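> Need the 3D shape of this:
(chains A and B)
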Amino acid sequence: MTKDYTEFNLGPQHPALKEPETFRVVVEGERIVKAEAILGHTHRGIEKVAEERDYNKALYLAERICGICSFSHNANFARAVEFVAEVEVPERAQYLRVLVAELERLHSHMLWVGVLAHEIGFDTFYLLVWNDREVVMDMLETLTGNRVNYGMNNIGGVRADLTPKIKKMLKKKLEELKPRLSNIKDIAFNNKTIISRSKGIGIISKDMARKTCVTGPTARSSGIDWDLRRDQPYFAYENLDFEVPVSSSGDVYSKIILRIKELFESVSIIEQVLEKIPDGKIMTNVRGKLSGKAVSRIEAPRGENFHYVDFRGQKEPYRMKVRAPTYANVVSSVEVLVGHYISDIPVIVAANDPCFSCTDRTLIIDRDQERYQVLNSKDLRRASIEHSKEVS
Amino acid sequence: MLEIDSKLVKEEQQLKSGEKLILLKDSSCRTIVQSWIENGRDVHLSSVVGIDNVDSFQVFYYFMDRSDNTTLAIAVDLSTENPTTDTIGDLLGSTVYEGEVAEMFGIKFEGNEISNVFLPENWVGGYPLRKSWKKEDYFND
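Got it, this is the predicted structure:
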């Protein structure tokens, strides 16, 4: 019998996630035997460019690192610079930062649930979740003026305040959102197709999670009970009550359960913010040249977001370093593919909520017969859907 | 607590964000990280940062110990002539972090074969995050 070796690139274009990245995968028959990530398709040299921008301008660069968690980068950079400037951010601004951070977590997790449903071939659920996500996007737009890059932070505070009218609207929208989230939970927790395509798939063990230093929901679904919001609180999180869901199975299903539970916690946090937010100013001015080094880490929707800044007597950072959560999780994403079927790739890759994309062509190489075949992204997704039909 | 033998410490500083920053005498932190892991510390590496100080290079590591909720930054100074340190990629998931520092600064991590993470495989543009790097030296447009 001829042994088929398949070598293919997942990426750089992805049919679902709108960022390019490549996984180079080798399979024997249908089983993956080797996988490697090829990063950098969207490297824009932001760290280098930031060295020529003062901190107020670099703040906007930081926001453009990611379209989905733009606030996390924007707020994290602001916080790092505020450490160096030794400025006290007003308490009301800290609450407002929590408010936007949790709205961002809501829309990011809901986007992810939709993407995963799409990869499984459950497009009805995908469209339902994304339709519900619009409620959150409306809240973000009303509060900040934008749906994606909110421009919410300044160095020293925030730009937009919460007026009584906006507060009333947010409360109304939350009431609209709650039953929708319950519906999402009911479907995700009980649907046979979702369960059969995600349970026992893409398991990241606790040991692997520790060794590869994964973060966020990816780590928590592997039994690592860690969340910066609770364990090293920042902004106004220390004044708010919330649970940190943790699972120990480490498979794709546990990531679905965990993120959906986090949705309800985010709603609870937002409600507390709307009740507890103190009066006061929302900005402390920061001016002049800065000196010193600082690290800021916050719990972005995908996990620990790391920003390092080093100022040496100028307004421009001598060095700015960013490590986004996906970068921390990419090693485990690759390792966990080994041993699985080709049709599981879209589900496993999407499970870690990566901020990159893949699957533009599949090159099948039969080394024994010296032939090759090119499959496109539709073929790969079709294989995933066929597999869903087989198991459901 | 992530402890370091005081004999290995060249200088102790504090980041403006409050964490301790230990500058090592040696040009490698591998044995330190190895001992933490052997002693059962729940170590998490947040990032590896390359820094060009013009007259030297520095590699900055940021660790967290989940066992007791502490953080620690370590830095090693490397010469500009031979900027080389040992990898910790096999101990903690830092192979890609080190690979990025390697390609952006030309710093070598002994034991880590990854020297290309973000830049194209056929990149001929030097080490872009070095302070001496100028676009005109490599590209005409």
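> Tell me which other helices or strands the helix or strand containing residue B:50 touches.
Per DSSP states H and E: residue B:50 is located in strand B:43-52. The helices and strands touching strand B:43-52, judged by 3 or more C-beta pairs under 8 Å, 6 or more residues apart in numbering or on different chains; DSSP states H and E, are strand A:303-314, strand A:319-323, helix B:30-38, strand B:57-65, helix B:95-105. For glycine as for every other residue, the C-beta is placed from the backbone atoms N, C-alpha and C.
> That strand pairs with which strands?
With DSSP bridges as the test, strand B:43-52 is paired with strand B:57-65 (antiparallel).
> next structured bit after the partner strand?
The helix or strand immediately downstream of strand B:57-65 is strand B:70-78, counting by DSSP H and E.
> The nearest residue to residue B:72 once chain neighbours are set aside: what's it in contact with?
Nearest non-adjacent residue to residue B:72, counting by C-beta to C-beta, 6 or more residues apart in numbering or on different chains: residue B:2, 4.5 Å away. When contacts are counted by C-beta atoms under 8 Å, 6 or more residues apart in numbering or on different chains, residue B:2 is found next to B:36, B:41, B:43, B:63, B:65, B:70, B:72.
> Which residue, other than its chain neighbours, is closest to the fourth one?
So that's residue B:63. Spatial nearest neighbour of residue B:63, chain neighbours left out: residue B:72 (5.1 Å); criterion: C-beta to C-beta, 6+ apart.
> How much space separates that neighbour from residue B:32?
Spatial separation of residue B:72 from residue B:32 under the definition C-beta to C-beta, to the nearest Å is 10 Å.
> do residue A:13 as well
Computed as C-beta to C-beta, the residue A:13 to residue B:32 distance reads 43 Å.
> And residue B:113, by the same measure?
Distance from residue B:113 to residue B:32, by C-beta to C-beta: 23 Å.
> Which residue of the two possesses the greater neighbour count?
Taking other C-beta atoms under 10 Å in any protein chain shown, residue B:113 and residue B:32 do not tie; residue B:32 has more neighbours (21 against 11).
> Give me the angle between the strand holding residue B:50 and helix B:95-105.
0 degrees (axes from the mean of the first three to the mean of the last three C-alpha atoms, to 10 degrees).
> Output strand B:43-52 as PDB, restricted to C-alpha atoms.
The C-alpha atoms that make up strand B:43-52 are tabulated as PDB, following Å, rounded to 0.1, in the frame of the first residue of the first chain:
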ATOM      1  CA  VAL B  43       7.000  29.500  36.600                       C
ATOM      2  CA  HIS B  44       5.400  31.400  33.700                       C
ATOM      3  CA  LEU B  45       7.500  33.300  31.200                       C
ATOM      4  CA  SER B  46       5.600  36.400  30.000                       C
ATOM      5  CA  SER B  47       8.100  37.600  27.400                       C
ATOM      6  CA  VAL B  48      11.700  37.900  26.300                       C
ATOM      7  CA  VAL B  49      12.700  41.400  25.300                       C
ATOM      8  CA  GLY B  50      15.800  42.400  23.300                       C
ATOM      9  CA  ILE B  51      17.300  45.800  24.000                       C
ATOM     10  CA  ASP B  52      20.100  47.600  22.100                       C
END
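> What is the distance between it and the centre of its chain?
5 Å (C-alpha atoms, centre = their mean, to the nearest Å).
> near chain A, which residues of chain B show up?
With C-beta under 8 Å from any C-beta of the partner chain as the criterion, chain B meets chain A at residues B:15-19, B:21, B:42, B:44-47, B:49, B:51-52, B:60, B:62, B:66, B:69, B:71, B:73, B:92-97, B:117-120, B:128-129.
> pLDDT averaged over stretch B:37-49 - what is it?
In this model, stretch B:37-49 has an average pLDDT of 94.
> Show me how far it is from its chain's centre.
13 Å.
> Toward the C-terminus, what is the element adjacent to the helix or strand containing residue A:116?
Residue A:116 belongs to helix A:91-120 when assigned by DSSP H and E. Sequence-wise, the next helix or strand downstream of helix A:91-120 (DSSP H and E) is helix A:123-144.
> and the angle for that next one with helix A:91-120?
160 degrees.
> mind checking the end-to-end distance for stretch B:74-92?
15 Å (C-alpha to C-alpha, to the nearest Å).
> just how off-centre is that stretch within its chain?
Centre-to-centre, stretch B:74-92 and its host chain are 6 Å apart (C-alpha atoms, centre = their mean).
> Okay, buried residues for it please.
B:74-78, B:83, B:85-89, B:91-92 (16 or more other C-beta atoms under 10 Å in any protein chain shown).
> same check, this time on stretch A:159-174
A:160, A:162, A:166, A:167, A:170, A:173, A:174.
> Skip the chain neighbours and tell me the closest residue to the first one.
Going back to what we said before, that points to residue A:160. Nearest non-adjacent residue to residue A:160 (C-beta to C-beta, 6+ apart): residue A:144, at 5.6 Å.
> Number of residues surrounding residue 133?
I went with chain A, as the question did not name one. 21.
> not quite, I wanted chain B
Residue B:133 - counted by other C-beta under 10 Å - has 17 other residues nearby.
> Could you confirm it falls within a helix?
No. With DSSP: H, G, I helix; E, B strand; the rest coil as the criterion, residue B:133 is assigned coil and is not in a helix.
> Might you report the residue contacts of it?
Contacts for residue B:133 (C-beta under 8 Å, 6+ apart) come out as B:126, B:127.
> Point out the residues in chain A that sit beside chain B.
Counting by C-beta under 8 Å from any C-beta, chain A sits next to chain B at A:37, A:39-40, A:43, A:45, A:47-48, A:80, A:83-84, A:86, A:210-215, A:224, A:226, A:231-232, A:292-297, A:304, A:306, A:308, A:310, A:319, A:321, A:323, A:327-328, A:330-332.
> quick one: which of these sit in helices?
Of the positions in the residues of chain A next to chain B, A:47-48, A:80, A:83-84, A:210-211, A:231, A:327-328, A:330-332 sit in helices, assigned by DSSP state H.
> Just give me the closest of the residues you listed to residue A:188.
residue A:332 (22.4 Å; C-beta to C-beta).
> Please name the nearest non-neighbouring residue to the closest one.
Spatially, and ignoring its direct neighbours in sequence, residue A:332 is nearest to residue A:212 (4.5 Å; C-beta to C-beta, 6+ apart).
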